[in-house]
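Asks: whatever this is, show me its structure:
(chains A and B)
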Amino acid sequence: MKGQIEISFQWIMVAIAGAAFLLIFFFTFKACTQVGNAQIEGTTLKAAATTLSATAWQAEVTKNITLDATADCIGGVITLHQGNSAQQLDLVPAFLPGTMHDPQLITHQIALTLPGVPPIVLGSVLYALDDNTDYYVVKEGNYRQLAALLGARVKLVDANQVSSVSGKNIVIASYTQLTAAPQNARGIYITNDHISFFQSKNGAWSQIGQPIPSAGDVLAGGAVASADPKLFACGQAVTAKRMKYLLQEYVARNNDLIPLAGDKCRSLLSDSASVMSSTSSIFSSNIMTYQQALYSAGCPVI
Amino acid sequence: MMNDMRGNKGQLQTLEPILITIFLALIIGILLLVYVRINSSQQTTAVSTQRNQEDVATLARIATLPELKCSNAFENCIDEQKAKAFSFMMADAKSRIFYHAFFGDANISISAIGLDGNNEQIPLYYSLNSTNVKTTITYFTIYDPVTNTRRFATLMITRPT
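Replies: Numbering: from 1, shown residues only, chains lettered A, B, ... in the order given. So this is what the prediction gives:
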């Protein structure tokens, strides 16, 4: 009887020890899995950041990526977040929405063009269009150009039909003042020199932040993609910085070419370099006439 | 004699549950170890494959950068004067930091191969501190806009392993 009780007691002790072992193994296994998952999550976000960075520097690309992440602009730097992982997109000319689900990436080149002459490329931009957002462009002003830049995910809508659009998340871009405000909508009002951001609240538009100085359809497309003044300003600042570096390099190249080139090209290269040495003068002067002159004379073009 | 045997059997019966527990613990421990090893090996392979793909993709993308690509319609062509101007610009730390977003931690250089045996190396971008590195090479045409001539060139990227 005593022996049986002793054996039963030992089995109880063993069961407790076994349970303790199993618990230790379970928590070790769980910890290993969590570390692995965190690494995979971090790797996924890093891979997404790498894809975004690399794609943003290429021209005329359209591709879909699998990604669930949020984005914000901290200290002028776009940062991606996924769970506990964060990844900075430092100095990437990208226009990202605040929340992204399987976004479509579209890139465009910023270039000065003239028919029959090689373009002067001043950079590139990336738009990320969220799969859970419906994008609309109001059929007013330069809407065709904007819709073409944003691709197939964008729908066109008449100004008087804006109030009837519906969806989980909506972004409406317009070259005229927005009047009707549907539910869950962000509004982008584009003028020649400014872009303003709005959010719908109780059937009316409420402005987010101050209008941001901006010009051109390519940047207007960026405003629609980001639908947020802070994220837009972040992308625009990097785009301007890339432009500055590119112009700096073109000027250095032209200056290097001046002593090497023939007599007929020297003055053209010199004039072209002096116009490009200032980012603001490149838009006010017609740099493409110099490019055309260089091209016609058989001189090295940019 | 019989008492001794009963004693030994009793001791064995007493030890039996402990031995089973230790045995099971060992089995579970070994399984866990195998799982961790396989998992770690798969992750290393995935990371290595991803880096290789990134290197090849970066080299292909370099030729599309307006900072380097030829102004004419030649494909896979790098403008020699642009490459030299870019290399000079990269001597400045601020410029290097800006282009780090595209190139990452890497050393990138071009070797223009002359038919006369004179090879010219242009260091495009240098931001690598690691000694444990791997190099990937691809082939391009380098174009001299002054003489309007093209040369065969290799483009080399060195990254940490």
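
Asks: low pLDDT regions in chain A?
Replies: Scanning chain A with the threshold set as pLDDT under 70 gives A:1-7, A:29, A:32-42, A:279-285.

Asks: confidence score at the nearest residue to B:Tyr99 once chain neighbours are set aside?
Replies: Nearest non-adjacent residue to B:Tyr99, counting by C-beta to C-beta, 6 or more residues apart in numbering or on different chains: B:Tyr125, 6.3 Å away. For the C-beta atoms, the positions are set from N, CA and C on the backbone; glycine is no exception. Looking at B:Tyr125, its pLDDT reads 91.

Asks: who touches the most centrally placed residue in chain B in this structure?
Replies: Residue closest to the average C-alpha location in chain B (C-alpha atoms, centre = their mean): B:Arg51, at 4.0 Å. By C-beta atoms under 8 Å, 6 or more residues apart in numbering or on different chains, the residues touching B:Arg51 are B:134, B:159, B:161.

Asks: surely the first one and B:Met156 touch.
Replies: I take that to be B:Lys134. No - contact between B:Lys134 and B:Met156 fails when scored by C-beta atoms under 8 Å: they sit 11.2 Å apart.

Asks: what's the pLDDT at B:Asn3?
Replies: pLDDT at B:Asn3 comes out at 60.

Asks: tell me the residue of the stretch 101-250 of chain A that sits nearest chain B?
Replies: Chain B sits closest to A:Val121 of the stretch 101-250 of chain A, with a gap of 3.6 Å, by C-beta to the nearest C-beta.

Asks: strands along chain A, start to end?
Replies: A:62-64, A:68-74, A:77-82, A:85-89, A:94-95, A:99-101, A:104-114, A:117-129, A:133-138, A:154-157, A:169-174, A:185-190, A:194-201, A:204-213 (DSSP state E).

Asks: comparing the ones you listed, which comes out most buried?
Replies: Burial of these is given as mean neighbour count (mean count of other C-beta atoms under 10 Å in any protein chain shown); strand A:94-95 ranks first at a mean of 29.

Asks: and it, what other elements does it pack with?
Replies: Contact here means 3 or more C-beta pairs under 8 Å, 6 or more residues apart in numbering or on different chains; DSSP states H and E; on that basis strand A:94-95 packs against helix A:2-56, strand A:117-129, helix A:217-226, helix A:229-260.

Asks: which non-adjacent residue is nearest A:Ile208?
Replies: Per C-beta to C-beta, 6+ apart, closest to A:Ile208 is A:Phe197, 4.5 Å.

Asks: so between B:Lys134 and B:Met156, which is more surrounded?
Replies: B:Met156 (19 against 14; other C-beta atoms under 10 Å in any protein chain shown).

Asks: the helix or strand where that one lies and chain A, any residue contact?
Replies: Assigned by DSSP states H and E, B:Met156 belongs to strand B:149-160. No - Strand B:149-160 lies out of reach of chain A by C-beta under 8 Å from any C-beta of the partner chain, never closer than 12.3 Å.

Asks: contact partners of the strand or helix carrying the residue nearest to B:Tyr99?
Replies: Using DSSP H and E, B:Tyr125 maps to strand B:119-126. When contacts are defined by C-beta under 8 Å, 6+ apart, strand B:119-126 is touched by residues B:62, B:68, B:80, B:83-84, B:86-87, B:90, B:96, B:99, B:103, B:106-114.

Asks: cool, stretch A:12-27 as well?
Replies: Stretch A:12-27 has contacts (C-beta under 8 Å, 6+ apart) with B:17-18, B:20-21, B:24-25, B:28-29, B:32.

Asks: buried ones in it, by neighbour count?
Replies: Within stretch A:12-27, the residues scored as buried using 16 or more other C-beta atoms under 10 Å in any protein chain shown are A:14, A:18, A:21.

Asks: please enumerate the helices of chain B.
Replies: For chain B, the helices defined by DSSP state H cover B:2-62, B:80-89, B:93-103.

Asks: which of these is buried the deepest?
Replies: Most buried of the helices of chain B by mean neighbour count (mean count of other C-beta under 10 Å) is helix B:80-89; its value is a mean of 21.
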